[in-house]
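Q: this is a predicted model, with the sequence first.
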Amino acid sequence: MELTLTRPDDWHLHLRDGAALAAVLPHTARQFARAIVMPNLKPPVTTTAQALAYRERILAALPAGSSFDPLMVLYLTDKTPAEEIARARQSGVVQAVKLYPAGATTNSDAGVTDLLGRCADTLSEMERLGMPLLVHGEVTDPTVDVFDREAVFIDRVMQPLLQRFPRLRVVFEHITTADAAQFVQQAPDNVAATLTAHHLLMNRNALFTGGIRPHHYCLPVLKRERHREALLAAATSGSRKFFLGTDSAPHAKGAKEHACGCAGMYTALSAIELYAEAFESVGALDQLEAFASFNGPDFYQLPRNQEQITLRKERWTVPDSLPYDGDVLIPLRAGEAVDWRLVTA
Ligand SMILES: NC(=O)N[C@@H](CC(=O)O)C(=O)O
Ligand SMILES: [Zn+2]
Ligand SMILES: [Zn+2]
């Protein structure tokens, strides 16, 4: 069986920088025409000038002949001036601004401490110019259970944000709960969400199968089965509010297999194949193209891609590890089978 789709885009991706960037970029560029590239580098990409320079480093690292187009994002801080938003818009390459609540995830230390208190002028300018805000939606309050941080974020941050800026374009990134799926579904059209392949395929049992599994740890952390089912229902519902964002987040094996392991799963190697598996599991392969190739560009007001890719139902085994910046990278499903294979790229 074969499946031909308009070439997809990845609306949430971590490419890192330097040797790490060079190691992972070809995996994404083989499948996707474009990707929204996350700005959580060290130091973070907080200005348009930094975003333009990062984009040049990505283009320089591309395999010869690739036409992959990196879409850039600014990292919002308590001090991002409102004028930076107009500069970003004028650049033509910065497509969004990212909210990391300070301390919520990898490289979020420079993130926002009080969104409405510190960033109101900047958010107002984003609303005026139609610049999307991409949100890592978890509260950082240590008294909130880690499995509840996304649901609590909806009440404490998302609702007040949209009440104050009702026309702000918001992408609730990598949603992991039925609560977030329902919130996005009932919100107006300026609110959308990305879904990862791993949250569509795994529940929190995958963190503990046969022992602790550091390569299944990411943020927001995997949730219970009923949440996974709700996410898969949202992704395959035909709603235009949900689209593909892998959140592929490479960390070296040594940083994952550690007493205090980093958050992030590396899924870029086989991303579109993993999504095909998830959609097939509920008999919804006919919905994959809209989710992977149409809903994202429509939300971002960018043209849909013209080329196509073909997937074949053919089992293959994911490599045990990949070279990565002097260490190795363990891809999701390492040493295990994936049911679909990208045959023409
Ligand atoms: N998803 C993750 O677990 N990690 C991401 C950061 C993020 O997207 O929150 C990373 O940069 O490693
Ligand atoms: Zn995140
Ligand atoms: Zn991410």
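A: Now that the structure is in, tell me what you want to look at. Ligands and ions are numbered 1, 2, ... in the order given.

Q: which positions are bridged to S248 in the beta structure?
A: L13 (DSSP bridges).

Q: ok, it - contacts?
A: Contacts for S248 (CB atoms under 8 Å, 6 or more residues apart in numbering) come out as 10, 13-14, 24, 28, 265-268, 271. (Each C-beta comes from the backbone N, C-alpha and C, glycine too.)

Q: go on, Y100?
A: 40, 75-76, 107-108, 110-112, 136.

Q: quick check, nearest of those residues to A53?
A: Ranked by distance to A53 (CB to CB), these are led by Y75 at 13.9 Å.

Q: circling back: can you flag which of the contacts of S248 belong to helices?
A: 24, 28, 271 (DSSP state H).

Q: how far off centre is stretch 31-51?
A: How far stretch 31-51 lies from its chain's middle: 12 Å, per CA atoms, centre = their mean, to the nearest Å.

Q: does ligand 2 have contacts with that stretch?
A: No. Using CB under 5 Å from the ion, stretch 31-51 never reaches ligand 2; the gap is at least 7.7 Å.

Q: may I see the buried residues of that stretch?
A: Buried residues in stretch 31-51, counted by 16 or more other CB atoms under 10 Å: 31-41, 44-48, 50-51.

Q: likewise for stretch 247-256?
A: Those would be 247-253, 256, for stretch 247-256 by 16+ other CB under 10 Å.

Q: can you check stretch 180-191 too?
A: Judged by neighbour count using 16+ other CB under 10 Å, the buried positions of stretch 180-191 are 180-181, 183-185, 187, 190-191.

Q: mind putting those into CSV with secondary structure, pLDDT and distance to ligand 2?
A: Putting the buried residues of stretch 180-191 into CSV (DSSP: H, G, I helix; E, B strand; the rest coil; pLDDT from 0 to 100; distance: CB to the ion, whole Å) gives the following:
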residue, secondary structure, pLDDT, distance to ligand 2
A180, helix, 99, 13
A181, helix, 99, 17
F183, helix, 98, 17
V184, helix, 98, 16
Q185, helix, 98, 21
A187, coil, 98, 19
N190, coil, 98, 20
V191, strand, 99, 17
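
Q: farthest pair within those?
A: A181 and N190 (17.0 Å).

Q: now the closest residue to ligand 2 within the stretch 1-150 of the chain: how far from R7?
A: The stretch 1-150 of the chain approaches ligand 2 most closely through H136 (3.6 Å), counting by CB to the ion. Distance, H136 to R7, by CB to CB, to the nearest Å: 27 Å.

Q: more neighbours: which of the two?
A: Shown here are H136 and R7; by other CB atoms under 10 Å, H136 has more neighbours (24 against 18).

Q: what sits against that one?
A: H136 touches 98-101, 104-105, 108, 173-174, 219, counting by CB under 8 Å, 6+ apart.

Q: and ligand 1, which of those residues contact it?
A: Contacts with ligand 1 within the contacts of H136, counted by CB under 6 Å from any ligand atom: 105, 219.

Q: one step back: JSON lines for the buried residues of stretch 247-256, including distance to G283?
A: As requested, the buried residues of stretch 247-256 are exported to JSON lines (distance: CB to CB, whole Å):
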{"residue": "D247", "distance to G283": "25"}
{"residue": "S248", "distance to G283": "26"}
{"residue": "A249", "distance to G283": "30"}
{"residue": "P250", "distance to G283": "32"}
{"residue": "H251", "distance to G283": "34"}
{"residue": "A252", "distance to G283": "38"}
{"residue": "K253", "distance to G283": "36"}
{"residue": "K256", "distance to G283": "34"}
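
Q: the helix or strand containing Y54: which residues count as buried?
A: Counting by DSSP states H and E, the element that carries Y54 is helix 48-61. Burial within helix 48-61, assessed by neighbour count using 16+ other CB under 10 Å, is assigned to 48, 50-52, 54-55, 58, 61.

Q: who does it touch, helix- and strand-wise?
A: Packing contacts for helix 48-61, counted by 3 or more CB pairs under 8 Å, 6 or more residues apart in numbering; DSSP states H and E, involve helix 18-31, strand 34-37, strand 69-75, helix 83-91.

Q: mean neighbour count, the ones you listed: which tops it?
A: strand 34-37 (a mean of 26; mean count of other CB atoms under 10 Å).

Q: do it and ligand 1 meet?
A: No. Strand 34-37 stays clear of ligand 1 (CB under 6 Å from any ligand atom), getting no nearer than 11.3 Å.

Q: mind saving the C-alpha coords of that strand as PDB?
A: The C-alpha coordinates for strand 34-37 follow below in PDB (Å, rounded to 0.1, in the frame of the first residue of the first chain):
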ATOM      1  CA  ARG A  34       9.600  24.000   5.900                       C
ATOM      2  CA  ALA A  35       9.900  24.000   9.700                       C
ATOM      3  CA  ILE A  36       9.200  26.400  12.400                       C
ATOM      4  CA  VAL A  37      12.600  26.400  14.100                       C
END
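
Q: strand partners of that strand, parallel vs antiparallel please.
A: Per DSSP bridges, strand 34-37 is paired in its sheet with strand 10-13 (parallel), strand 69-75 (parallel).

Q: tabulate those strands (JSON lines), appending mean pLDDT and distance to ligand 1.
A: Formatted as JSON lines, the strands paired with strand 34-37 follow (pLDDT from 0 to 100; distance: least, CB to the nearest ligand atom, whole Å):
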{"stretch": "strand 10-13", "mean pLDDT": "99", "distance to ligand 1": "7"}
{"stretch": "strand 69-75", "mean pLDDT": "98", "distance to ligand 1": "11"}
